[in-house]
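[1] Just a sequence and a predicted model for now, questions to come.
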Amino acid sequence: MPRPARAVELIGAVRVGDATKVGIVDDFVKLCFALAFEQGLGRGVGFKILTRDVGK
């Protein structure tokens, strides 16, 4: 039996900053791995970033 298709929705990239912010991105990846594998949530863990339209 074939596997069901998985929907992936990509809204758009969110800029964190310049190269000085690389530590923030690294820490976020560590959080993802900790939740997925150490806490047993699996690879399907995801995050949604809510933004507000400023000036509209």
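    Yep, it's here.

[2] which secondary structure element contains R52?
    Counting by DSSP states H and E, no helix or strand carries R52.

[3] Might you report the residue contacts of it?
    Going by Cβ atoms under 8 Å, 6 or more residues apart in numbering, R52 touches no other residue. (C-beta placed from N, C-alpha, C; glycine too.)

[4] Same question for L41.
    Residues near L41 by Cβ under 8 Å, 6+ apart: L35.

[5] That one: what secondary structure?
    coil (DSSP: H, G, I helix; E, B strand; the rest coil).

[6] For it, give its distance to V16.
    23 Å (Cβ to Cβ, to the nearest Å).

[7] now C32
    15 Å.

[8] if you count what's nearby, which of the two comes out ahead?
    Legend: neighbour count by other Cβ atoms under 10 Å for C32 and V16, higher for C32 (15 against 11).

[9] Could you grab the helix/strand/coil label for that one?
    Quick answer, by three-state DSSP: C32 is helix.

[10] Spatially nearest residue to it (excluding sequence neighbours)?
    V45 (6.2 Å; Cβ to Cβ, 6 or more residues apart in numbering).

[11] from what I can see the one you found touches L31, true?
    No. In this structure, V45 is not within contact of L31 by Cβ atoms under 8 Å, at 9.4 Å.

[12] check which helix or strand covers the residue nearest to C32.
    Counting by DSSP H and E, V45 is part of no helix or strand.

[13] Measure how buried it is and give me the count.
    14.

[14] which ones are touching it?
    Neighbour list for V45: 32, 35-36 [criterion: Cβ under 8 Å, 6+ apart].

[15] Go again with 10 Å.
    31-37, 39 (Cβ atoms under 10 Å, 6 or more residues apart in numbering).

[16] Now restrict the residues you listed to buried residues only.
    Among the contacts of V45, none is buried by neighbour count (16 or more other Cβ atoms under 10 Å).

[17] Make TSV out of these and add pLDDT and distance to V22.
    TSV is the format used below for those (pLDDT from 0 to 100; distance: Cβ to Cβ, whole Å):
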residue	pLDDT	distance to V22
L31	88	15
C32	85	16
F33	86	17
A34	89	19
L35	87	21
A36	86	21
F37	85	22
Q39	84	25
